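Peer 1: Show me the folded form of this:
(one chain, ligands or ions: 1)
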Amino acid sequence: MEVIIVPSSKEIGALAADSIEALVRNKPNAVIGLATGSSPLPIYDELARRHADEGLNFSAVSGFALDEYVGLPSGHFESYREVIRREFTNRVDVAAENVHGPDGSTEDLLGACQAYEDAISAAGGIDLQILGVGTNGHIGFNEPGSSLASRTRIKTLAEQTRQDNARFFDHLDQVPHHVVTQGLGTIMDARHLVLVAFGAGKADAVRDFVEGPVSAACPASILQFHPRATVIIDEAAASKLAGAPSYRHAYDNKPAWQGL
Ligand code: GLP
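Peer 2: I've put the predicted structure just below:
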């Protein structure tokens, strides 16, 4: 796992965007895993800027959302498929038919989970998966206790997560209790994981998943088993990392040719 500590969320966005730009220039039909929440917004802002100002081309790219609420009608403002469209794919030239998300509005949720796994496989797998981390260490909506080998499935949200996400709704009562999420095994199949986090509110979760034991109690800790996991965080999110000086030293001395 590579841990990169930068001054602010703007640099997080720029560095993650560099990695995505390098991927897309090298493989125009790249498959990108897209996360919601506030953490990836600086990445999407920077990619939208590069599209507008520098002509960065996403016309052959496909996107797969990490997760979705169950029970929000399709097209609901807070449904993750809409959030992904609004925050990223509609701001660049990703074709609408290439934007995928688990279907949380169908009666056949089990079928939708399998269909989503099949769609990711049919696209050739995910090249680069963007991730945030919840304050309780979740990735996607894989709450503590999730199987480290899990595939796309239905989960019940932890109350902490509902409260964290209530800011996107008018009232806590409106936050669904159930979700469909890529599993930890699904996420681990992506060829490159880029997890971003900023702010002091993430410091405990970052310490636990970077330096704590690999455990279902902290789902993001599964990244320690990934051959190519990049963690880009700001100073505040890094503030509880015992190894911060050595992560800084390694990054400062990284060969330029290596990229992320
Ligand atoms: C949600 C999403 C996660 C995201 C997490 C953190 O629960 N399902 O993918 O990482 O929130 O959100 P934020 O980045 O807003 O802190």
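
Peer 1: element containing Arg49, please.
Peer 2: Remark: Arg49 resides in helix 41-54, with elements defined by DSSP states H and E.

Peer 1: Spatially nearest residue to Ser59 (excluding sequence neighbours)?
Peer 2: Asp93 (4.8 Å; C-beta to C-beta, 6 or more residues apart in numbering). Just so you know, the C-beta spots here come from the backbone N, C-alpha and C atoms, and that holds for glycine as well.

Peer 1: got it, and Asp67?
Peer 2: Excluding the flanking residues, the one nearest Asp67 by C-beta to C-beta, 6+ apart is Thr181, at 3.8 Å.

Peer 1: ok, now Phe209?
Peer 2: Ala220 (3.7 Å).

Peer 1: Number of residues surrounding Gln160?
Peer 2: 14 (other C-beta atoms under 10 Å).

Peer 1: Next: Arg85.
Peer 2: Neighbours of Arg85 under the rule other C-beta under 10 Å: 19.

Peer 1: picking that back up, before we move on, what SS does the residue nearest to Ser59 have?
Peer 2: coil (DSSP: H, G, I helix; E, B strand; the rest coil).

Peer 1: for it, what are its contacts?
Peer 2: Taking C-beta atoms under 8 Å, 6 or more residues apart in numbering, we find Asp93 in contact with His51, Asn57, Phe58, Ser59.

Peer 1: wait, which of those is closest to the ligand?
Peer 2: Nearest to the ligand among those, counting by C-beta to the nearest ligand atom, is Phe58 at 20.9 Å.

Peer 1: Phi and psi next, for the residue lying closest to Pro219 once chain neighbours are set aside.
Peer 2: Excluding its sequence neighbours, the residue lying closest to Pro219 (C-beta to C-beta, 6+ apart) is Asn142, at 4.4 Å. Dihedral angles of Asn142 (phi, psi; degrees, to the nearest 10) stand at phi -80, psi 100.
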